[in-house]
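In: need coordinates for the below:
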Amino acid sequence: SISVQIRMAAWDLSVAVEELGPQAPPLKISVTSDLHIGGVILKVVEKSQIQRDWSDHALWWEQKQQWLLKPSWTLDKCGIHADARLCLTSQHKPLRLRLPSGITLRLRACFSSPVFRSVTGICRLLNIRHPEELSLLWPVEEKKRKKEKDVEEELYDITRSIPKLANGMPAFFAEAAETEAVYKMLAVSQPAPAPETIAKLYRTTNITEKAHINSRWLDSSRSLLQQGVKEHDKLLLRFKYYTFHDIAPQADAVRVTQLYEQARWAVLLEETECTEEEMMVFAALQYHIGKVSLTEQFVASCPAMEDLDSALQCLEVKMEGESSADDMLVSSMAYTQSFQRQLYTCTMTLRPKRLTLKGYKQYWFTFKETTISYFKSKEESCKEPIQQMSLKGCEVAPDVSVAGQKFCIRLLIPGPEGMNEVYLRCEHEQQYSRWMAACRLASKGKTLADSSFSSEVQSIQSFLAMQKTTPSTNTAQTDESINTHSLVSPRYQKKYKPKQLTPRILEAYQNVAQLSLTDAVQRFLQIWQALPDFGLAYIVVRFKGCRKDEVLGIANNRLIRIDLSVGDVVKTWRYNTMRQWNVNWDIKQVAIEFDGNVNIAFSCVTADCKIVHEYIGGYIFMSTRGREQSNTLNEELFYKLTGGHEAL
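Out: Model (predicted):
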């Protein structure tokens, strides 16, 4: 018998080593196709003769723009030949990260993991729970004037930090007074910058510019290096998915503060529209939060460990939702039944179309399940109604002026031809609160018997109470410390002078002056979340069969088709009626199927269709989070829903 030993041919592989510097030539090592990736790294390290910890290093394949992270895979299995250009580089690199509050940190981020996992690591470092709600995006390039010089922005370097908690904060921050001050800046609202600085901030002026911002989100399924992010590049960390799960102020100091800052700047830079009355309440709350933040003591450690009362309060809130569900249901049903009679027997005025010359007409209204019916009079209510309107999937917006005693509800109701616009005018505040709450619930497919009806009514009433003007003292009226430029959006700065704005803000301030810092921030977030276009991400799209561009608004519970020229809502589709959605990656088209044989398809104009796919899949993922699994994140499910064809 003759034994034949086949030896694999050796060939040279070029590998650049980051530690040798950018000008150093790549190292050539002799390899065979059956050599595994771990063996390649070992040979390169030996030849470099650099003594250091190489555990964070991995190979990056430049031509294919991919990491080689499986050390047991052979060169043959990876498809690597002699022409491959590889680089041995660190997986964690410094990154400049701008937070919603405007603070810029230099920290180490993972450049080899999918962005979803990198964000999880960043949030663990900063003590932010539920990182799945956040993501990274490229900043908008700022246009500089010729006379302006480059101003060095203040950077807080935390590249040495490691994500280990010490006394309630990440261990690194507890090391020294300077680093503890940085953590305090993350966890406590900071004073607004000077008017000149605010004036330079990027502000969108139309819906198309808002849509372009959403084209800047990074792909959650791919790594930073794969998407062209380089060492020391600047990225923004922002809340992307507007479903905020399990907010507990005592455990979420940084999360709540950064969420408030994002909401605050969304209002100030007019990313989210609001009425004049709402703006004055927002301004008063900001003014109050700014004052209280300076005096209220910052608790670095977990309050539940130190303050028994707050710990018991926290426990009481959680127990309410778990152990006394039956009691809550009984009390809520009793509350609802007492209001149902009043809802059934309401005289309200109605204006069916916005462009009609006719004013409001008085009718007799009834509200049953999720449907409004109206009749000529109370006596006619036993006959057929003039019209019945199902509010499922409708858009509900307030049109309120407490000072002018105007309490209107604007409804955009889905119909075969698009959205029908209806205005309801209530007679007084109490009627408005109940009907507004009922309409909001009905739009989500919930009836008056739902347990959230009473809290919705109370929330609306408390907001109306904040808009009421109360006589204030002369000293408050002449408070010159108010920087109105940092409290109201440019629209109202142009409309009114600071001398006119100051007394109005102070009048609204009287209604919120007694709130604690936590309550004031939560109230601000509640009002922000109740705004009609809260959390809408806009993408310019071209619907199949149409010749003009339109806008797709993506919210946490629905998709909205918007006319680009006038900004009117044309149609709304809710996720709970969605059967499936698909993306044709070759022609870059998204197709969605809804109940009732409703099918839509569109291509994206201002963003990659992957961004739309990730938004829809991300919101579906957020809806799967339950109380029992709040501490564990199903990363695999997120990639399945958002990753597209690359994840399969």
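In: make it CA atoms for all contacts and neighbour counts henceforth
Out: Fine.
In: tell me the contacts of residue 544?
Out: Under the criterion of Cα atoms under 8 Å, 6 or more residues apart in numbering, the contact partners of residue 544 comprise 600, 601, 602, 603.
In: repeat that for residue 222.
Out: 113, 114, 115.
In: of those, closest to residue 92?
Out: Of all the contacts of residue 222, residue 113 has the smallest distance to residue 92: 9.5 Å, by Cα to Cα.
In: model confidence at that closest one, what's the number?
Out: Looking at residue 113, its pLDDT reads 96.
In: coming back round to it: which of the contacts of residue 544 count as buried?
Out: 601, 602, 603 (16 or more other Cα atoms under 10 Å).
In: biggest strand in this protein by residues?
Out: Longest strand of the chain, by residue count under DSSP state E: strand 406-415.
In: on that earlier part again, just the buried ones from the contacts of residue 222?
Out: 113, 114, 115.
In: specify which member of the contacts of residue 222 is nearest to residue 21.
Out: residue 113 (23.9 Å).
In: so that closest one versus residue 245, what's the distance?
Out: Computed as Cα to Cα, to the nearest Å, the residue 113 to residue 245 distance reads 25 Å.
In: for residue 562, same thing?
Out: 28 Å.
In: and the two? which has more neighbours close in?
Out: residue 562 (21 against 15; other Cα atoms under 10 Å).
In: show me the helices in the stretch 451-600 of the chain, by range?
Out: 453-467, 474-477, 490-495, 498-509, 517-529 (DSSP state H, counting those that start in this stretch).
In: make JSON lines out of those helices and add mean neighbour count, mean pLDDT and distance to residue 380.
Out: Listed next are the helices of the stretch 451-600 of the chain as JSON lines, based on neighbours: other Cα atoms under 10 Å; pLDDT from 0 to 100; distance: least, Cα to Cα, whole Å:
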{"stretch": "helix 453-467", "mean neighbour count": "18", "mean pLDDT": "86", "distance to residue 380": "28"}
{"stretch": "helix 474-477", "mean neighbour count": "12", "mean pLDDT": "44", "distance to residue 380": "53"}
{"stretch": "helix 490-495", "mean neighbour count": "13", "mean pLDDT": "90", "distance to residue 380": "46"}
{"stretch": "helix 498-509", "mean neighbour count": "20", "mean pLDDT": "92", "distance to residue 380": "44"}
{"stretch": "helix 517-529", "mean neighbour count": "18", "mean pLDDT": "93", "distance to residue 380": "39"}
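In: how about those helices, which one is nearest residue 441?
Out: helix 453-467 (7.4 Å).
In: which elements pack onto that closest one?
Out: Packing partners of helix 453-467 (3 or more Cα pairs under 8 Å, 6 or more residues apart in numbering; DSSP states H and E): helix 276-295, helix 325-344, helix 429-443.
In: for those helices, which has the smallest mean pLDDT value?
Out: It's helix 325-344: among these, that one has the lowest mean pLDDT, namely a mean of 47.
In: output the below-cut-off pLDDT ranges for the stretch 51-200 of the chain.
Out: 142-152, 161-172, 174 (pLDDT under 70).
In: all strands of it, in order?
Out: 57-61, 66-68, 85-90, 92-98, 104-110, 134-137, 155-157, 165-166, 169-170 (DSSP state E, counting those that start in this stretch).
In: for the ones you listed, could you give me JSON lines that also reports mean neighbour count and distance to residue 570?
Out: Shown next, in JSON lines, are those (neighbours: other Cα atoms under 10 Å; distance: least, Cα to Cα, whole Å):
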{"stretch": "strand 57-61", "mean neighbour count": "21", "distance to residue 570": "47"}
{"stretch": "strand 66-68", "mean neighbour count": "18", "distance to residue 570": "43"}
{"stretch": "strand 85-90", "mean neighbour count": "20", "distance to residue 570": "50"}
{"stretch": "strand 92-98", "mean neighbour count": "20", "distance to residue 570": "36"}
{"stretch": "strand 104-110", "mean neighbour count": "22", "distance to residue 570": "40"}
{"stretch": "strand 134-137", "mean neighbour count": "20", "distance to residue 570": "29"}
{"stretch": "strand 155-157", "mean neighbour count": "15", "distance to residue 570": "45"}
{"stretch": "strand 165-166", "mean neighbour count": "16", "distance to residue 570": "49"}
{"stretch": "strand 169-170", "mean neighbour count": "20", "distance to residue 570": "48"}
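In: many thanks, have a good one.
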